[in-house]
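[1] Sequence first, then the predicted structure:
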Amino acid sequence: MKQAPIIWTNVLLFSITTLVAAIGVPWYALTVGFGWSEILATIICLGYCGMSITAGYHRLWAHKTYDAHPFLQWAYAIGGAFALQNSALHWSADHRAHHRHVDNNDKDPYSAGRGFWYSHMGWMLRDYPGVEKPGYNNCRDLQKNNIVMWQHRNYLLLTIATNFGIPLLLGIISGNIIGMLLSAGVLRLVLSHHFTFFINSLAHIWGKQPYTDQNSARDNGVLAFLTYGEGYHNFHHIFESDYRNGIKWYQFDPTKWFIKTASWLGLTRNLRVVPEERIAQAKAKMQLQRAIASVKQRPNAEQLLQLLEHEYELLLARMQDYYQLKKQLLLQRKHQLVAQYQAVDFKQRYGEFKQHLQLQQQHWQRLVTAFS
Ligand SMILES: [Zn+2]
Ligand SMILES: [Zn+2]
């Protein structure tokens with residue numbers, strides 16, 4: 001079969017930047033050496049590019065998980081061009097197609113079903129005919145956004161201005177133009193590229209699936225470190241409208257922390273979160289599914305299956321009681337309608353329901369661990 005035609009611009013861009021980062025940068029480090037100003041500037045530029053993609057392109061524009069002040073949107077638009085990952089409009093069109101047709105080798109632009117290399121970079125190197133070009137029909141909302149469209153129209157100019165202009169300016173300030181062009185220019189770009197590409201490749205191959213196994217996306221704490229929190233990709237694929245990817249306080253999700261902090265400053269608002277109950281239900285459902293598969297191999301399978309089903313039903317009932325009451329409590333607190341004596345009664349019931357759910361959760365956890 002004939003190979004798809006090569007996209008030479010992309011091949012050359014990736015080849016040249018990779019060669020400079022792999023050979024030029026270490027050679028310069030050994031012969032001349034980088035100072036603290038180059039190292040610091042590279043880290044800051046890397047963070048700026050990364051956050052523009054994760055908080056801007058991904059969670060704001062592709063998924064609309066929150067609203068952002070125009071000031072922040074301008075910053076994302078410029079940072080996204082600096083990251084050299086195509087315009088926000090194009091990126092979001094690809095990404096929405098990825099979510100809609102995930103793992104479908106014909107329709108998902110970077111389907112993990114085609115292997116690591118294809119989903120990491122290969123999809124950008126050839127004009128693959130099998131992949132349906134989404135056009136921008138799935139981004140009509142973004143076509144009404146002036147900042148997104150301004151960036152789209154001026155994309156080429158912006159990429160050149162940022163990728164040469166920013167390191168050059170920093171080099172003039174620090175007095176080391178070559179060093180800055182190599183570090184904050186090329187090395188930053190190559191690292192930034194691969195950190196993002198890992199989300200399409202490794203985050204669909206390596207890690208756990210606590211919420212769904214209906215697609216290949218995985219949760220991976222190690223990848224979260226490199227991807228500004230996007231490593232919790234299993235959660236993200238099932239709950240894509242949530243502005244968070246790592247939902248637990250200890251999960252590394254600086255993109256979430258940034259969006260939340262910006263909300264206190266009035267730069268972001270309407271941060272969307274999926275109801276806690278739905279998340280807990282999805283997790284319990286996956287645990288049940290796995291326990292059933294494991295129990296089926298055992299001699300007393302029938303009996304164990306009954307026990308599992310029974311405990312699962314009980315867990316769901318406890319969840320419903322607890323989350324319903326919690327919702328009411330929050331609502332009443334908001335409107336301050338509840339009389340004092342009612343509030344006491346309410347709180348007591350809330351405490352009881354919480355305890356019931358926790359007990360059942362512990363019980364359930366022991367059960368599914370025994371059957372895993
Ligand atoms: Zn996404
Ligand atoms: Zn994905």
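    Arrived safely, thanks for sending. Ligands and ions are numbered 1, 2, ... in the order given.

[2] Run through the strands of the protein in chain order.
    Secondary structure of the chain (DSSP state E): strands at 67-68, 268-269.

[3] List the pairing partners of the last one within its sheet, with orientation.
    Pointing back at strand 268-269 there. strand 67-68 (antiparallel) (DSSP bridges).

[4] got the CA positions of stretch 226-244 in PDB?
    The C-alpha coordinates for stretch 226-244 follow below in PDB (Å, rounded to 0.1, in the frame of the first residue of the first chain):
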ATOM      1  CA  LEU A 226       5.400  16.400  33.100                       C
ATOM      2  CA  THR A 227       2.000  17.500  31.700                       C
ATOM      3  CA  TYR A 228       0.900  20.100  34.300                       C
ATOM      4  CA  GLY A 229      -1.700  17.800  35.700                       C
ATOM      5  CA  GLU A 230      -3.100  16.300  32.400                       C
ATOM      6  CA  GLY A 231      -1.900  12.900  33.400                       C
ATOM      7  CA  TYR A 232      -5.200  12.100  35.000                       C
ATOM      8  CA  HIS A 233      -6.500  11.300  31.600                       C
ATOM      9  CA  ASN A 234      -8.900   8.500  32.500                       C
ATOM     10  CA  PHE A 235     -10.900  10.900  34.700                       C
ATOM     11  CA  HIS A 236     -10.700  13.600  32.000                       C
ATOM     12  CA  HIS A 237     -12.100  11.400  29.200                       C
ATOM     13  CA  ILE A 238     -15.100  10.400  31.100                       C
ATOM     14  CA  PHE A 239     -15.700  13.800  32.700                       C
ATOM     15  CA  GLU A 240     -14.400  16.200  30.100                       C
ATOM     16  CA  SER A 241     -16.600  19.100  31.200                       C
ATOM     17  CA  ASP A 242     -14.800  19.300  34.600                       C
ATOM     18  CA  TYR A 243     -12.100  22.000  34.900                       C
ATOM     19  CA  ARG A 244     -10.000  19.600  37.100                       C
END
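
[5] deepest of the strands of the chain, which one?
    The highest mean neighbour count among these, using mean count of other Cβ atoms under 10 Å, belongs to strand 67-68: a mean of 19. C-beta here means a position set from N, CA and C on the backbone, and glycine is covered the same way.

[6] Quick one: closest of the strands of the chain to I147.
    In terms of Cβ to Cβ, the element of the strands of the chain nearest to I147 is strand 67-68, at 9.5 Å.

[7] Show me the helices in the stretch 51-200 of the chain, by range?
    70-82, 88-100, 116-117, 123-125, 146-153, 155-174, 177-180, 188-200 (DSSP state H, counting those that start in this stretch).

[8] Test my guess that L89 contacts D141.
    No: using Cβ atoms under 8 Å, L89 is not in contact with D141, being 10.5 Å away.

[9] thinking again about what came up before, dump the helices of the stretch 51-200 of the chain into JSON lines; add distance to I16 and mean neighbour count as well.
    Output for the helices of the stretch 51-200 of the chain, formatted as JSON lines (distance: least, Cβ to Cβ, whole Å; neighbours: other Cβ atoms under 10 Å):
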{"stretch": "helix 70-82", "distance to I16": "17", "mean neighbour count": "20"}
{"stretch": "helix 88-100", "distance to I16": "22", "mean neighbour count": "21"}
{"stretch": "helix 116-117", "distance to I16": "19", "mean neighbour count": "13"}
{"stretch": "helix 123-125", "distance to I16": "14", "mean neighbour count": "19"}
{"stretch": "helix 146-153", "distance to I16": "24", "mean neighbour count": "17"}
{"stretch": "helix 155-174", "distance to I16": "12", "mean neighbour count": "16"}
{"stretch": "helix 177-180", "distance to I16": "16", "mean neighbour count": "20"}
{"stretch": "helix 188-200", "distance to I16": "10", "mean neighbour count": "21"}
